[in-house]
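Visitor: 3D model of this:
(one chain, ligands or ions: 2)
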Amino acid sequence: MLKLEDVNTYYGGSHVIQGLSLEVETGAAVCILGRNGVGKTTTLRTIMGLTPARSGSIRIGDQDTRGWPAHRIACSGVAYVPAERNIFPGLSVEENLRLGARPPCEEGREGWTLEKVYEYFPVLGERRHGGGAKLSGGEQQMLAIGRALMGNPRLLLLDEPSQGLSPILVENVARIVRDLCREHDLTMLLVEQNFRVALEMADIHYLMGTKSIIQDQVTSEDLINNEELIKCHLSV
Ligand SMILES: Nc1ncnc2c1ncn2[C@@H]1O[C@H](COP(=O)(O)OP(=O)(O)OP(=O)(O)O)[C@@H](O)[C@H]1O
Ligand SMILES: [Mg+2]
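Guide: Residues are numbered from 1 along each chain as shown. Ligands and ions are numbered 1, 2, ... in the order given. Now for the predicted structure:
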């Protein structure tokens, strides 16, 4: 579904992503784990075309998308949920969801509807007519994910879905997202600093060090069994 090879991204003269390569198989749930500032967000922004790579190759499905503008990448079936969530505070929950709606990019794929989003996130259904500004952090996260689903993506990019949520809510959101990806054949790449969320949501983990250098690729089982890996790369 996604393959990056020797990707380099800069902010002006600052070389933030240095030769990043990684792969996400169709239907997989993959997490990039790394501490503050290693370049996790920039990696997602690079894939999405928001901070374009200066060199290297980015393949999404069978297309080379490097150099494509973000809207074209979105139309090819990629949805990005930024850490800031970017909910429109002056619009209702339902209006926020409708704004994300887009026809399915693959023939035969069943489309998301408002009702289906409310099935996974009942609290959004309860608040469908309420304003986006009145939602808690956790509800905003659910709304941002729901809005991304309304675009009928095949690849979902999530930036630190646990940020700012209480531990109980984090577990709840993580479980819902993992289930809906499995049930809807959705490929997911998320970035996290939180080890527990990574384990809950993903099966394969890339451990990222400074300059976005991938230091290891491990399974959830490897992570659980290797305390040193956890101490080195993550907040627990
Ligand atoms: N707009 C920008 N202009 C210049 N430098 C930036 C910009 N955004 C990020 N950086 C720098 O790029 C590096 C990677 O940042 P990035 O936000 O991708 O890291 P991150 O792993 O997502 O961090 P965090 O865990 O804090 O979210 C950091 O050194 C950061 O200071
Ligand atoms: Mg970040």
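
Visitor: only C-alpha atoms for contact and neighbour calcs from this point on.
Guide: Will do.

Visitor: Dump the C-alpha coordinates for the helix or strand encompassing Glu23 into PDB.
Guide: Using DSSP states H and E, Glu23 falls within strand 14-24. Extracted in PDB, the C-alpha atoms of strand 14-24 (Å, rounded to 0.1, in the frame of the first residue of the first chain):
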ATOM      1  CA  SER A  14      17.200  22.000   8.000                       C
ATOM      2  CA  HIS A  15      17.500  18.400   6.800                       C
ATOM      3  CA  VAL A  16      14.800  16.800   9.000                       C
ATOM      4  CA  ILE A  17      14.200  13.400   7.300                       C
ATOM      5  CA  GLN A  18      17.400  11.800   6.200                       C
ATOM      6  CA  GLY A  19      17.100   8.800   3.900                       C
ATOM      7  CA  LEU A  20      13.800   7.400   5.300                       C
ATOM      8  CA  SER A  21      12.700   4.000   3.900                       C
ATOM      9  CA  LEU A  22       9.700   2.100   5.200                       C
ATOM     10  CA  GLU A  23       6.900  -0.100   3.900                       C
ATOM     11  CA  VAL A  24       3.200  -0.700   4.900                       C
END
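
Visitor: what's the next helix or strand after it packed up against?
Guide: Using DSSP H and E, the next helix or strand after strand 14-24 towards the C-terminus is strand 29-33. Helices and strands touching strand 29-33, by 3 or more CA pairs under 8 Å, 6 or more residues apart in numbering; DSSP states H and E, are strand 187-192, helix 195-201, strand 204-208.

Visitor: among these, which is the most enclosed?
Guide: Most buried of the helices and strands packed on strand 29-33 by mean neighbour count (mean count of other CA atoms under 10 Å) is strand 187-192; its value is a mean of 25.

Visitor: No more questions from me, cheers.
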